[in-house]
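**Q** With the sequence up front, the predicted model follows.
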Amino acid sequence: GAVVSQHPSRVICKSGTSVKIECRSLDFQATTMFWYRQFPKQSLMLMATSNEGSKATYEQGVEKDKFLINHASLTLSTLTVTSAHPEDSSFYICSALSWLNQPQHFGDGTRLSIL
Amino acid sequence: KQEVTQIPAALSVPEGENLVLNCSFTDSAIYNLQWFRQDPGKGLTSLLLIQSSQREQTSGRLNASLDKSSGRSTLYIAASQPGDSATYLCAVTSNAGGTSYGKLTFGQGTILTVHP
């Protein structure tokens, strides 16, 4: 079945560091990729929608200069958390979609901890 | 604005029981509905996808139904096993294009515990 690889699975770093998370669709081309944030015991909160070759569309309240998204190819999107602070600590999950009538496939998530 | 609600929030059952998880959505103009499973500290695994024109989908011990007009879906799990313990999430794709293409609206999930 379709596989989405998300890397790294866990990051622990100091405040002020920028962290890059990669999301790859391994066996299909993703027309659209999505980035979510999940707080403990809560559902997923959509941060932004990413389309190959165009600027990401951010949800209301999400700082685009804080969370930089690049979608350079049909199989790779990256999320960079710039100058991370402890309040950015969270579980970040990506998903990839080929066509609207197909299931959306999710990565295994990245646990980000900012000290 | 689409809102998705799942009940119950948590469910604990003994192994072997058949069980039903419920999902409701406020806007019936959906493109499809998906059920996902999430294990602790992991991403989501797609279980079943029901297109808006379909009434149900089956995969193994799982059966999902969709009543679009009433805004409801159910996930039926037959002969539950301890390995079924996880959070189950329902999500709908609204019938909208442009910047809403493919966007999922999630329910809060049902935490299922199946004990031996």
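**A** The structure has been received and is ready for your questions.
**Q** I'd say B:W35 and B:T87 touch.
**A** No - contact between B:W35 and B:T87 fails when scored by C-beta atoms under 8 Å: they sit 11.4 Å apart. Using the backbone N, CA and C atoms, a C-beta is placed for each residue, glycine as well.
**Q** Pick out whichever of these two has more residues nearby.
**A** B:W35 (26 against 20; other C-beta atoms under 10 Å in any protein chain shown).
**Q** list the helices and strands the helix or strand where that one lies packs on?
**A** Assessed by DSSP states H and E, B:W35 sits inside strand B:30-38. Packing partners of strand B:30-38 (3 or more C-beta pairs under 8 Å, 6 or more residues apart in numbering or on different chains; DSSP states H and E): strand B:19-25, strand B:44-51, strand B:62-67, strand B:72-77, strand B:86-94.
**Q** contact partners of that strand?
**A** With contact meaning C-beta atoms under 8 Å, 6 or more residues apart in numbering or on different chains, strand B:30-38 is reached by A:100-101, A:103-104, A:106, B:2, B:23, B:25, B:44-52, B:62, B:64, B:66, B:68, B:73, B:75, B:86-95, B:104, B:109.
**Q** now could you export just the CA positions of that strand as CSV?
**A** Only the C-alpha atoms of strand B:30-38 are listed here, as CSV (Å, rounded to 0.1, in the frame of the first residue of the first chain):
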residue,chain,number,x,y,z
ILE,B,30,-19.0,16.0,1.6
TYR,B,31,-16.8,14.4,-1.0
ASN,B,32,-15.8,11.4,1.1
LEU,B,33,-15.4,10.1,4.6
GLN,B,34,-12.4,8.3,6.1
TRP,B,35,-11.9,6.3,9.2
PHE,B,36,-8.4,6.2,10.6
ARG,B,37,-6.7,4.4,13.4
GLN,B,38,-3.9,6.1,15.5
